[in-house]
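J.: with the input below, show me the fold.
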Amino acid sequence: MTMPDNPSDNDLLEALDAAIEAVQPMPPSVVAWGRGAWDTRALDAEFAELVGDSLVDEELAESAYAIRGVAQPRMLSFAAGEVAIELEVEQGSGAAQSLVGQLIPPGSATVTLEQPAGTREAHADGAGCFAFDDVAAGPARLRIRRPPDEQLTSAWFRL
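T.: Got it, this is the predicted structure:
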């Protein structure tokens, strides 16, 4: 690599990076460790575990009593200490679903729905209610941020 007469800082950094990479390439494990460190950036968030899933409860009841009823929305409950997230999953047309939730105790918050395809945000109102429309099937989790610095992350769940 040839350098211009008056190299900029970026030119110097690129040359240094190329020289280091030529002598000692970065091991793939370093990238994996870096991603792991990035994933732990919200460790200060309290973890809300799944404590209720109507889909599991229905499957247990059907296997024990062979009862079939009218399809109801799926209800999920997450809890962490005195804080809870109640979530209703309703099947829409096709594969799209809608999520309607409430935070307990109620209060405004920013709610982020995380899925492998990306994230979406909604605002929980003063009653703690929030909603997401046209949600794809697959793994998901919720991140709740309440002022001033309360954070809550749900366990991963499958839609």
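
J.: could you list the domains of this structure?
T.: 9-40, 45-158 (automatic domain parsing).

J.: now the shortest one: mean pLDDT?
T.: Same thing as domain 9-40. Domain 9-40 comes out with an average pLDDT of 80.

J.: kindly report the same for the longest one.
T.: Averaged across domain 45-158, the pLDDT comes to 86.

J.: neighbours around residue 29, how many?
T.: Residue 29: 8 surrounding residues under other Cβ atoms under 10 Å. Heads up, the C-betas are built off the backbone N, CA and C, glycines and all.

J.: quick one: secondary structure of it?
T.: What DSSP: H, G, I helix; E, B strand; the rest coil gives for residue 29 is helix.

J.: now do residue 14
T.: At residue 14, secondary structure determined by three-state DSSP is helix.

J.: hmm, residue 145 is touching residue 109, no?
T.: Yes: between residue 145 and residue 109 there is a contact under Cβ atoms under 8 Å: 6.1 Å.

J.: quick one: which of those two has more around it?
T.: The residue with more neighbours, out of residue 145 and residue 109, is residue 109; 21 against 17, by other Cβ under 10 Å.
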